[in-house]
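Undergrad: Build me a model:
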Amino acid sequence: MDCKLAPSILAADVSCLGDQVRTIEKAGADYVHIDVMDGVFVPNLSFGIPIVKGLKKCTDLFFDVHLMIVDPIEHIRDFAQAGADGITVHVEACGDKLYDTVIEILGHGLKAAVAIRPDTPIDPVLPILDKLSMVLVMTVYPGYGGQKIITDTFSKIKKLRSIIDEKELPVDIEVDGGITLDNVATVREAGANVFVAGTQVFEGDITGNVKSFKSELI
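TA: Residues are numbered from 1 along each chain as shown. Next up, the predicted model:
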């Protein structure tokens, strides 16, 4: 199983964001994870279109854009034009527009992913697995960085991995929230293969942190 590291710039230093993204790229990161929060779907605000567009000039990394916003279907075009390579939307934010939202993402030539909160079952994702490149299992409640991982989510990861493998689908399982060097191997064993880490990458020696994570994922 090909494993990837997706550092979350939510934990980066905004005053030198471009430089830090270049640093993670040089150190071997696979994606840059961009959390977009609207203060409605989650109780926080974060990056938007200008950050995506600006960072696109700084790096060739895959832009893993995670939309934690209401009615994401209304914003797919803007993020696609800004430089997103893949867009993740939440089951809980899409409601009965989940399928249409995924089709909208694909229509812009991007990789489509769907996220589920820790208390959301995997069932809504299963009918559209063949349309997705990735499922994001949130291992904390979305909205804030630095939270402790919720280990009850591991059983959900295992079940999803089993279904994906049984259907022989090329679908990644991403995890986001509380991922550290101490638990990344355990989460990988559960079936995840794309790992979002923020604080654990951007605090201290960024290059060393990325290399340490990558060594755990070989």
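
Undergrad: number of nearby residues for the closest residue in space to Thr199 that isn't next to it in sequence?
TA: Ranked by Cβ to Cβ, 6 or more residues apart in numbering and with sequence neighbours excluded, the top spatial neighbour of Thr199 is Ala11, at 4.6 Å. No exception for glycine: its C-beta is placed from N, CA and C like everyone else's. Using other Cβ atoms under 10 Å, Ala11 is surrounded by 17 other residues.

Undergrad: Can you point out the buried residues in stretch 116-128?
TA: Ile116, Arg117, Pro118, Thr120, Ile122, Pro124, Val125, Ile128 (16 or more other Cβ atoms under 10 Å).

Undergrad: Who is the first one paired with across the strands?
TA: Partner residues in beta bridges with Ile116, using DSSP bridges, are Val137.

Undergrad: and the longest helix for this structure?
TA: Ordering each helix of the chain by length in residues (DSSP state H) puts helix 154-167 first.

Undergrad: ok, Pro170 - contacts?
TA: By Cβ atoms under 8 Å, 6 or more residues apart in numbering, the contact list for Pro170 reads Ser133.

Undergrad: rewinding a little: does the residue nearest to Thr199 really touch Gly204, like I thought?
TA: No: the criterion here is Cβ atoms under 8 Å, and Ala11 misses it with Gly204 at 11.2 Å.

Undergrad: Could I get the full set of strands for the chain?
TA: Along the chain, counting by DSSP state E, strands occupy 4-7, 31-37, 62-68, 86-90, 111-116, 134-138, 172-176, 194-197.

Undergrad: Tell me how far the residue lying farthest from the centre of the chain lies from Pro124.
TA: Distance from the C-alpha centroid of the chain peaks at Glu166, with 23.5 Å (Cα atoms, centre = their mean). To Pro124, Glu166 is 19 Å away according to Cβ to Cβ, to the nearest Å.
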